[in-house]
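> sharing a model that was predicted from the sequence below.
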Amino acid sequence: MLTLELITFLSGQFETLFHDGFVAHGNHYRVVVVGSKGDLTWVSKKAPLTRRFENKGKARDAACCHQCLAGSSQDLALKDISQHPVWEATPHAERPYSPNRHLACTKSPLIREGLS
């Protein structure tokens, strides 16, 4: 739980840095987070992602790619590794998390306002 509180706190700080910025040596700067890196298993649990590679199983397949819709249906088979796979046009077609879940990172103006 402490990790989620820390993420929420940092998200608020980044929001302030985006809107208000800071002044250093007479120059005004604004900060924007353009990406993040991390262990996808950890991120998928904290986000929480609805599409993640942990969904891939032997008994039942579910949407498993956090970036595209590969594996979300038989028409978009993950195993299609041809030069032009059936899921080729689906990157970033949908967010990989439920729209009704509050994410700590949604305080970022670019996530909240810039993307639907």
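Done, it's in. Numbers count the residues shown, from 1 in each chain.

> beta partners of Y97?
L49 (DSSP bridges).

> how close does it get to A89?
Y97 sits 21 Å away from A89, going by C-beta to C-beta, to the nearest Å. All C-beta atoms are positioned from the backbone trio N, CA, C, and that covers glycine.

> can you pull the contacts of the nearest residue to Y29 once chain neighbours are set aside?
Take Y29 and drop its neighbours on the chain: the residue closest to it by C-beta to C-beta, 6 or more residues apart in numbering is G21, 5.3 Å away. Applying C-beta atoms under 8 Å, 6 or more residues apart in numbering to G21 gives the contacts 28-31.

> what's the answer for A89, then?
So A89 contacts nothing (C-beta under 8 Å, 6+ apart).

> in the longest helix seen in the chain, what counts as buried?
Once the chain is assigned using DSSP state H, the helix that runs over the most residues is helix 2-19. By neighbour count on 16 or more other C-beta atoms under 10 Å, the buried set for helix 2-19 is 7, 11, 14-15, 18.

> what's the first-to-last distance across stretch 51-64?
End-to-end distance for stretch 51-64: 5 Å, by C-alpha to C-alpha, to the nearest Å.

> meant to ask about stretch 85-96
20 Å.

> same thing with stretch 9-27?
OK, stretch 9-27 end separation, C-alpha to C-alpha: 26 Å.

> could you point out which element follows the longest helix of the chain?
Per DSSP states H and E, the first helix or strand lying C-terminal to helix 2-19 is strand 22-24.

> tell me the average confidence for that next one?
Averaging pLDDT along strand 22-24 yields 95.

> what packs against that strand?
The helices and strands touching strand 22-24, judged by 3 or more C-beta pairs under 8 Å, 6 or more residues apart in numbering; DSSP states H and E, are strand 27-29.

> swap in 7 Å and give it another go.
Helices and strands touching strand 22-24, by 3 or more C-beta pairs under 7 Å, 6 or more residues apart in numbering; DSSP states H and E: there are none.
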